[in-house]
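Trainee: need a 3D model of the following:
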Amino acid sequence: QSSRARTRAREREHRLDVAMTTGSSDATRAALLVAAGAAVGAAVGAHVRVSSWCPAMPWGKKSARAGSTANARASKEELIANLGLIPHPEGGFFCETYRSGCAPMASKGLTDLMGNMMTTTRGPTPERNVMTSIYYMLTPEHDFQAWVVNASDHVHYHHAGGTFVYHIVSPNGTYYTRRCGGCVANGDEPQVVVPGGSFKAVRLEEGFEFGIIGEGVAPGFDFRDFKFVTEEELKGRSAEAHAAAADLVKKEPEDVKFQSFYED
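Mentor: Predicted structure coming up:
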């Protein structure tokens, strides 16, 4: 069945190529494109159903065998050095790679007034950069991000290595989990969205040397929009989340000096 679907898709692609080069109208070309897209989608869907597809993810996988695929890939130490990652105050390692209209990292986690700006409703200093993005890595030695809350929406993109298991509590108290990773057949999602105002914590799934994600934030990240969640706050919003992941609450968060994490 999968083979027949792929054959039909190839035949429709050939007919599309012929039609697109013989002066068809815009409406006809649009209809043909939609039909071809549906055919290709059917072929891919059939293949997924037949093979129960799950991509092999050797990057970051633990292996004791010298010369194995995992060891042939970059080690976590090489990635930390080559990507310029530094310790993150929430746990793990990071590097800011984008801040709208200005140099990343230069403002040390605060809004850069020289960049592209937008106005929010946040307190006495409502201006924020439009968007920011970072690399974020967890390792077995630093395998979780503590419970935090941020006013901005966050979109997490899995890049390589192990799955990030997110614990999320929405502003209305609903608790749920998401898996940000590459193995869709195991319930992973390549992207995980955390709306602003949600409590979130994350742990690297066991069995991997590291995991790397990208994290887009809009309006752009500013430490004034961020705080660690206390155990009392977590329990007060969701007893279920507290029972499931109270061990991810950061101890004595008031001692954290955020700007000290940035290199000069």
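Trainee: is residue 142 in a bridge, and if so with what?
Mentor: Assessed by DSSP bridges, residue 142 has beta-bridge partners residue 139.
Trainee: please report the distance of it from residue 87.
Mentor: 8 Å (C-beta to C-beta, to the nearest Å). Every residue, glycine included, has its C-beta placed from N, CA and C.
Trainee: likewise for residue 186?
Mentor: Counting by C-beta to C-beta - residue 186 and residue 87 are separated by 30 Å.
Trainee: one more: residue 146?
Mentor: In terms of C-beta to C-beta, residue 146 sits 13 Å off from residue 87.
Trainee: how about low-confidence regions in the protein?
Mentor: 1-73, 253-261, 263-264 (pLDDT under 70).
Trainee: 50 instead, please
Mentor: Scanning the chain for pLDDT under 50 picks out 1-3, 5-7, 9, 12-58, 64-72.
Trainee: strands along that one, start to end?
Mentor: Ranges of strands in the chain, per DSSP state E, are 86-87, 93-99, 117-119, 127-129, 132-138, 144-150, 153-161, 164-169, 175-180, 191-194, 199-204, 211-218, 226-228.
Trainee: partners of the first one in the sheet?
Mentor: Applying DSSP bridges to the sheet, strand 86-87 is found paired with strand 93-99 (antiparallel).
Trainee: report the angle between the strand it pairs with and strand 132-138.
Mentor: 160 degrees (axes from the mean of the first three to the mean of the last three C-alpha atoms, to 10 degrees).
Trainee: quick one: neighbours of the closest residue to residue 154 other than its chain neighbours, just the number.
Mentor: In space, residue 154 comes closest to residue 194 once its chain neighbours are excluded; the distance is 4.6 Å by C-beta to C-beta, 6 or more residues apart in numbering. Counted with other C-beta atoms under 10 Å, residues neighbouring residue 194 total 24.
Trainee: residue 231 against residue 247, yeah?
Mentor: No: distance between residue 231 and residue 247: 10.0 Å, which falls outside the contact criterion (C-beta atoms under 8 Å).
Trainee: so the two - more neighbours on which side?
Mentor: Each of residue 231 and residue 247 has its neighbours counted (other C-beta under 10 Å); residue 231 has more, 13 against 10.
Trainee: quick one: contacts for that one?
Mentor: The neighbours of residue 231, taking C-beta atoms under 8 Å, 6 or more residues apart in numbering as the test, are 242, 246, 249.
Trainee: first-to-last residue distance for stretch 167-176?
Mentor: This stretch, stretch 167-176, spans 6 Å end to end (C-alpha to C-alpha, to the nearest Å).
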